[in-house]
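**Q** Pasting the sequence and the predicted model now:
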Amino acid sequence: MPTMIVRTRFAPSPTGHLHVGNARTALFSALFAAHAGGDFILRIEDTDAARSRPELESVLLADLRWLGLSWQEGPDVGGKHPPYRQSERSQIYRAYTDKLAESGLTYPCFCTPAELALARKAQLAAGQPPRYAGTCAHLTAGAIEARLAKGLKPALRFRVPEGGTTEFQDSVRGAQSFARRDIGDFVIRRADGSPAFFFSNALDDALMGITHVLRGEDHLANTPRQLLLLRALGLQVPHYAHLSLLVGPEGKPLSKREGGGTVSELRETGFSSSAVLNYLARLGHHYESNGVMTFKELAAAFDISKLGKSSAHYDLTQLRHWQKDVISEVKEAVLWQDLIDSKEGERIKRLVPAEKWHEFIAFLKKDIKHCLFPSEAADYANMLYSGKLIYGDAAEDVIRKATEKYFSVALGSLARNSHDYKQYTATLSEVTGLRGRMLFMPLRAALTGLTHGPELDLIWEMLGPNRIRQRLEAAAEIAEH
Ligand code: GLU
């Protein structure tokens, strides 16, 4: 038996930015193909002209590439089944709808959206599943002619065979069976001539030789319709794997607040692509290793039988963990370059003296939990190297409340001991009679301009006696006024 070459695809509609849930679908499809040494295909589903935004296609491609995905066929790289944009495949769709029509498997439907909505309402009120009521299913040739003569534009419906069930084996959800009487005749070509999703999506999968369709669980109920179409056309049916959806930490649909937004947003925040890649790969798929892996490593260990049936919980805290792991593992020179290339690059370069980048990166790595993103690194650069510290309001308030006396004692103690932080603060405590927050907060505010941040002993070491003195003097001045 010839071995099957696996071909998977990602088929986004360019109606918005790439959502993390869709990015995970793309990733699993790419991992599955790469694992099997097969091909991953990118197809743009832009048949809905009203909702498609062509300018988003390039953003979509850039986001996928940023994640580390590449495709062997697609709108930008070509391939053996072009075109890869559905808006350019109208002739193909027409040829196949004609084929179905010639076999008597379709009929024109003149129902208006208002009529359909009314019928739907009546069915729901009667406790029936909403499905096309079959109003136009048996129009005579004469009735059709008369409507066409009036200039009415019909949609084209596929006649679902009566009775029985349509079944398939889903690679994630197991055996599936749908009663055909619940399906209802469905539209394959809209009244404006454009192909409906069920049709163009299934047809392209078959024509492009897709062997495995990995897609969101929300498409599960579409599959029996698509199987009916493909079988009616005598085309190859792919294997389906419907992936569980992503939900927020509490099991509710993923919201923006939980970081369930778009890949562009994560990128903008400064998440590393490796952190996002590793986290998404673990959402609903178990890997033995919890370490940071490359796309190739993730593909090698990918196993479709490990995809879980229950919803996967997306949690920004977990993504932050991955970010931390990636930053701790990345080489210092790479991290520096990444910061320079980030949108905070200019600010960081201006603040960190050229010969100090090594020391700066080492510091960030030591205090990683506070310093996961370029914007935080830039704040640290400001705190550590700025000649003129900028004070936050809270810090200024703390400094004033501590009074000038505190800082003159602090400066006095510095003259005696500037090297050993522990010793220094012990002396300061003795002389001022202060402890805990009252002792440390004014010092922190004076040295960093903030009321939160890294451990003070780390700052102490980095600033060195001269800058510590300057900053205490500046704080004394603020306290005095
Ligand atoms: N364009 C469809 C979507 O974005 C594709 C669904 C599928 O993967 O079959 O939902």
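**A** Cool, got the structure.

**Q** From now on I want contacts and neighbour counts done on CA atoms only, so please keep to that.
**A** Noted.

**Q** Tell me which other helices or strands the helix or strand harbouring A415 touches.
**A** Using DSSP states H and E, the element containing A415 is helix 393-416. On a contact count with 3 or more CA pairs under 8 Å, 6 or more residues apart in numbering; DSSP states H and E, helix 393-416 meets helix 421-432, helix 436-448, helix 456-480.

**Q** for the ones you listed, which one ends up most surrounded?
**A** Of all those, helix 436-448 carries the top mean neighbour count, a mean of 21, counting by mean count of other CA atoms under 10 Å.

**Q** Give me the three-state assignment for the residue in the chain positioned nearest to the ligand.
**A** Nearest residue of the chain to the ligand (CA to the nearest ligand atom) works out as P12 at 4.2 Å. Classification of P12 by DSSP: H, G, I helix; E, B strand; the rest coil places it in coil.

**Q** show me what contacts it?
**A** Going by CA atoms under 8 Å, 6 or more residues apart in numbering, P12 touches 22, 43-45.

**Q** could you pick out which of those residues are near the ligand?
**A** E45 (CA under 6 Å from any ligand atom).

**Q** Weed out the non-buried ones from the contacts of P12.
**A** 22, 43-45 (16 or more other CA atoms under 10 Å).

**Q** Get me the contact residues on the chain for the ligand.
**A** 11-13, 45, 215.

**Q** Show me where the stretch 251-400 of the chain has its helices.
**A** Under the criterion DSSP state H, counting those that start in this stretch, the stretch 251-400 of the chain carries helices at the ranges 263-269, 273-282, 295-300, 316-329, 332-341, 345-351, 357-366, 374-385, 393-416.

**Q** Please list the members of the contacts of P12 that lie in helices.
**A** Among those, the ones falling in helices (DSSP state H) are N22.

**Q** Out of the contacts of P12, flag the one nearest to P353.
**A** Of all those, P353 sits closest to N22, with 42.0 Å by CA to CA.

**Q** how about the closest one, what does it touch?
**A** 12, 216.

**Q** and the gap between it and F271?
**A** 18 Å (CA to CA, to the nearest Å).

**Q** Spatially, which two of the residues of the chain next to the ligand are the most separated?
**A** E45 and R215 (13.8 Å).

**Q** pLDDT below threshold where in the stretch 251-400 of the chain?
**A** 256-260 (pLDDT under 70).

**Q** Go through the helix holding A415 and flag the buried ones.
**A** Result for helix 393-416 [16+ other CA under 10 Å]: buried residues 395-400, 402-404, 406-407, 410-411, 413-414.

**Q** Reformat the residues of the chain next to the ligand as CSV; add distance to A62 and pLDDT.
**A** Shown next, in CSV, are the residues of the chain next to the ligand (distance: CA to CA, whole Å; pLDDT from 0 to 100):
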residue, distance to A62, pLDDT
A11, 15, 98
P12, 13, 97
S13, 15, 95
E45, 17, 97
R215, 21, 97
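
**Q** coming back round to it: pop out the phi and psi values for the residue of the chain closest to the ligand.
**A** phi -80, psi 150 (degrees, to the nearest 10).

**Q** Check the burial of E102 by counting its neighbours.
**A** 10 (other CA atoms under 10 Å).

**Q** same deal with L228?
**A** Quick note: L228 (other CA under 10 Å) scores 19 neighbours.

**Q** got it, and the one 5 residues further on?
**A** For L233, the count of nearby residues is 15 (other CA under 10 Å).

**Q** what's stretch 182-194 in contact with?
**A** By CA under 8 Å, 6+ apart, the list of residues contacting stretch 182-194 reads 47-48, 90, 97, 129, 131-134, 153-160, 195-199, 225.

**Q** circling back: next one: the helix holding A415 to chain centre, how far?
**A** Offset of helix 393-416 from its chain centre (CA atoms, centre = their mean, to the nearest Å): 47 Å.

**Q** do the same with stretch 148-166
**A** 38 Å.

**Q** pLDDT on that stretch, on average?
**A** Averaged over stretch 148-166, pLDDT sits at 96.

**Q** how about it: buried residues?
**A** So stretch 148-166, judged by 16+ other CA under 10 Å, has buried residues 153-160, 165-166.

**Q** can you redo those residues as JSON lines with secondary structure and distance to V6?
**A** Below are those laid out as JSON lines (DSSP: H, G, I helix; E, B strand; the rest coil; distance: CA to CA, whole Å):
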{"residue": "K153", "secondary structure": "coil", "distance to V6": "41"}
{"residue": "P154", "secondary structure": "coil", "distance to V6": "39"}
{"residue": "A155", "secondary structure": "strand", "distance to V6": "35"}
{"residue": "L156", "secondary structure": "strand", "distance to V6": "33"}
{"residue": "R157", "secondary structure": "strand", "distance to V6": "32"}
{"residue": "F158", "secondary structure": "strand", "distance to V6": "30"}
{"residue": "R159", "secondary structure": "coil", "distance to V6": "32"}
{"residue": "V160", "secondary structure": "coil", "distance to V6": "30"}
{"residue": "T165", "secondary structure": "strand", "distance to V6": "28"}
{"residue": "T166", "secondary structure": "strand", "distance to V6": "25"}
